[in-house]
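# Turn this into a model:
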Amino acid sequence: MKTTIFSNLIITLVILLFTSCDKGKEIIEYDESLIFSIQYFGGWTMIDENLKINESTTHYSGSYHDREAMKRKSHQTTSKTSKEQWDYLTKTFDLGTFKKIKNGSCRACVDGVDETFSVTINGETYSFYNGIVDENYEQIQEFLDAIYEQIEIFRNNAVYK
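Now for the predicted structure:
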């Protein structure tokens, strides 16, 4: 019951924010199925790193091939998503701009690391791949920086086994 009331309050606040700030933004109603995620994969150590954030939890998983030990090492953890973090992500996110970001070229093809950002809203998933060179990317830089900051925190605290 409290979760439903809280979710409805958040939805109302998000809608008010979007409608009062910029009339050009696409207005959507978020529900508990809103998920922001990023995945890194590729590189010399075959890194595979994932971060998924929803209103209640933030889940991080990462693995790579330890060339010295000649084995795959991995780490995963889940923590509670803070209200402040969630509010900031939903405030700085713009689905219309996100959907306009075009895919970039493959970095893993030349021993780089590819990056995929995704958002799932009400069961629909939108994503872009290596989109940093797209002009729309800069328009939601605050949102993307907040995601980057989260994955960096988890990456720095990871204990690989």
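# Burial check on F93, number of neighbours?
Using other Cβ atoms under 10 Å, F93 has 24 neighbouring residues. Yep, even glycine has a C-beta here, placed from its N, CA and C like the rest.
# Torsion angles phi and psi at G112?
Per-residue torsions, G112: phi -100, psi -170 (degrees, to the nearest 10).
# That one and I47, how far apart?
11 Å (Cβ to Cβ, to the nearest Å).
# Comparing the two, which residue is more hemmed in?
I47 (17 against 14).
# Show the contacting residues for that one.
I47 is in contact with Y40, F41, G62, S63, Y64, V113, counting by Cβ atoms under 8 Å, 6 or more residues apart in numbering.
# how about the strands in the chain?
In the chain, the strands defined using DSSP state E lie at 35-42, 47-53, 57-66, 71-80, 113-121, 124-129.
# can you tell which of those strands is closest to I140?
Relative to I140, the nearest member of these by Cβ to Cβ is strand 113-121, separated by 9.5 Å.
# partner residues bridging the most centrally placed residue in the chain?
Residue closest to the mean C-alpha point of the chain, counted by Cα atoms, centre = their mean, is S37 at 3.1 Å. Legend: beta-bridge partners of S37 under DSSP bridges are K52, S118.
# Kind regards, and thank you for your time.
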